[in-house]
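Novice: Below is the structure, and that's it, no one-letter string:
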Ligand SMILES: Cc1cc2nc3c(=O)[nH]c(=O)nc-3n(C[C@H](O)[C@H](O)[C@H](O)COP(=O)(O)O)c2cc1C
């Protein structure tokens, strides 16, 4: 999770999401990247060395700050179908359940990890 820097425009956020989607789709990185009112929520899944390297790159990106790694796990089997990116605005915040399009992406995770992710996702959507 992280915060968008002041200088980063909405247009730049869109470009960032698009660029991440394109890169991850071609490199086989899977997961989720959401943006909501100044905050990023991201899950990246893939081959460990590649993911650790990508995370180092992401941490140096000047478009955000206050990067917090909430969880990091070795897993036996990949859970995500592909890479999903989205900007969360308006009405979604008033929903009581997390939209299926986001929870679907968590379905393949081990049960305990899935519950943690669902809770974090709900908190992210609720509080922004
Ligand atoms: C919140 C956040 C998440 C990002 N996630 C990814 C990502 O999943 N994959 C990726 O390739 N770049 C991601 N980036 C961008 C990288 O920091 C970096 O700009 C990019 O990998 C460089 O790729 P390029 O050489 O194709 O521009 C992210 C940046 C931010 C601020």
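Specialist: Yes, it's here. Since this is a predicted model, take the numbers as computed values, not measurements.
Novice: show me where the protein has strands.
Specialist: Counting by DSSP state E, the chain has these strands, from start to end: 2-4, 30-36, 39-45, 64-65, 83-87.
Novice: Let me have those in CSV, adding mean pLDDT, mean neighbour count and distance to residue 18 as columns.
Specialist: Using the backbone N, CA and C atoms, a C-beta is placed for each residue, glycine as well. Formatted as CSV, the entries for those read as follows, by pLDDT from 0 to 100; neighbours: other CB atoms under 10 Å; distance: least, CB to CB, whole Å:
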stretch, mean pLDDT, mean neighbour count, distance to residue 18
strand 2-4, 97, 18, 15
strand 30-36, 92, 20, 10
strand 39-45, 95, 20, 14
strand 64-65, 98, 16, 16
strand 83-87, 89, 18, 7
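Novice: in the lowest-mean-pLDDT helix or strand in the chain, what counts as buried?
Specialist: Of all regular secondary-structure elements in the chain, judged by mean pLDDT, DSSP states H and E, the least confident is helix 100-103 with a mean of 76. Neighbour counts using 16 or more other CB atoms under 10 Å place residue 102 of helix 100-103 among the buried residues.
Novice: Low-confidence ranges, this protein, go.
Specialist: Counting by pLDDT under 70, the ranges of the chain that qualify are 90-97, 127-128.
Novice: List, one by one, the residues from it near the ligand.
Specialist: Of all the residues in the chain, those in contact range of the ligand (CB under 6 Å from any ligand atom) are 2, 16, 19-20, 23-24, 33, 40, 42, 44, 54, 57-58, 61, 63-64.
Novice: ok, residue 117 - how many residues close by?
Specialist: 20 (other CB atoms under 10 Å).
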